[in-house]
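**Q** turn this into a structure:
(one chain, ligands or ions: 1)
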Amino acid sequence: MQKIESHACCGGTQEVWSHRSHTLDCDMKFGLFLPPQAQDGPVPALYWLSGLTCTEQNFVTKAGVQRYAAEHGIVIVAPDTSPRGDDVADADGYDLGKGAGFYVNATQSPWSAHYRMYDYVVDELPALVEAHFPITSARAISGHSMGGHGALVAALRNPGRYRSVSAFSPIVAPSQVPWGEKAFSAYLGDDRGAWKQYDATSLVKSTTEKLPLLVDQGEADEFLATQLKPQLLVDACAAAGHPLDLRMRPGYDHSYYFIASFVGEHIAHHARALRA
Ligand SMILES: N[C@@H](CCC(=O)N[C@@H](CS)C(=O)NCC(=O)O)C(=O)O
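**A** So this is what the prediction gives:
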């Protein structure tokens, strides 16, 4: 592992690390914010999953999360959104291939050689950072858009692994919208039965843990009606009796300006669960 950036920030340190991922079989980067409290011993971590076109940089440079993480004593771990490198498969569009891993384990060629972002964010990355940094196994997970989908799926599939989950503008039903249909067809194949394990609206039906879902969604989001469709999650949660706190925000779009406006509320939500 190699530290490639380090900046003093909000009394702590914003770092970027590079490492060899055995799950993805390529070199990967992740952002790591260590709050001041981590100087005195291990603290809990929030794992943040970004959206389409993003790298490990977007959240840590645009959301202003460090001020809240420092206030509450929470580490932020922000991975990249796909495997990287010259020998990693890619596609022309921004919504498939590099920058668009969709947090699944691909089963189809050529993607299956490296695209195993589900195992990377759920297993390899937490094990790595908990072994090398002052980070406890109290975990929270959140994300935006494709990463909001990833956060909901990771939490719903792994009872007990996360203390809390939240999402901004998540793709709640990837099996039913163009972004998800394109990615899942490529990564998982045409058998839609295999898609359900990565679809939050399917997973709420069967999860044994009723971990409350906190979701923020801008009403002026350009992808709201075509790709995000939060009502599908409202309906699925109502049918399953799963707790959902959906906060519709008039005037806000899909951008990091929206995330920056409400990330403090999400960090406070996670801090309550992580420090309970
Ligand atoms: N219109 C965008 C679609 C992708 C997009 O909106 N990406 C969101 C996540 S789904 C994002 O976070 N973009 C990077 C940023 O705003 O920093 C593009 O073509 O780049």
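**Q** can you name the residue of the stretch 51-200 of the chain nearest to the ligand?
**A** Going by Cβ to the nearest ligand atom, the ligand is nearest to residue 51 of the stretch 51-200 of the chain, at 2.5 Å. Every residue, glycine included, has its C-beta placed from N, CA and C.
**Q** would you confirm that that residue contacts residue 82?
**A** No - contact criterion Cβ atoms under 8 Å: residue 51 and residue 82 do not qualify, at 11.5 Å.
**Q** not counting sequence-adjacent ones, nearest residue to the residue of the stretch 51-200 of the chain closest to the ligand?
**A** Closest residue in space to residue 51, ignoring its immediate chain neighbours: residue 145 at 3.3 Å, by Cβ to Cβ, 6 or more residues apart in numbering.
**Q** likewise residue 37?
**A** Per Cβ to Cβ, 6+ apart, closest to residue 37 is residue 73, 3.6 Å.
**Q** next, count neighbours for that neighbour.
**A** Applying other Cβ atoms under 10 Å, we find 17 residues neighbouring residue 73.
**Q** hmm, it is touching residue 42, no?
**A** No - between residue 73 and residue 42 there is no contact under Cβ under 8 Å: 10.4 Å.
**Q** what's the nearest residue to residue 150 if we skip its chain neighbours?
**A** Sequence neighbours aside, residue 103 is the residue nearest to residue 150 in space, at 3.2 Å (criterion: Cβ to Cβ, 6+ apart).
**Q** tell me which element the one you found falls in.
**A** Applying DSSP states H and E as the criterion places residue 103 outside every helix and strand.
**Q** per-residue confidence for it?
**A** At residue 103, the predicted lDDT confidence score is 99.
**Q** which stretches of this structure form strands?
**A** Counting by DSSP state E, the chain has strands at residues 2-9, 12-21, 26-34, 43-49, 75-79, 135-143, 164-168, 213-218, 244-249.
**Q** so what pLDDT did residue 119 get?
**A** We have a pLDDT of 99 for residue 119.
**Q** kindly report the same for residue 273.
**A** Looking at residue 273, its pLDDT stands at 98.
**Q** who does the nearest residue to it once chain neighbours are set aside bridge with?
**A** Residue nearest to residue 273 in three dimensions, not counting chain neighbours: residue 164, with 3.6 Å by Cβ to Cβ, 6+ apart. Counting by DSSP bridges, residue 164 forms beta bridges with residue 140.
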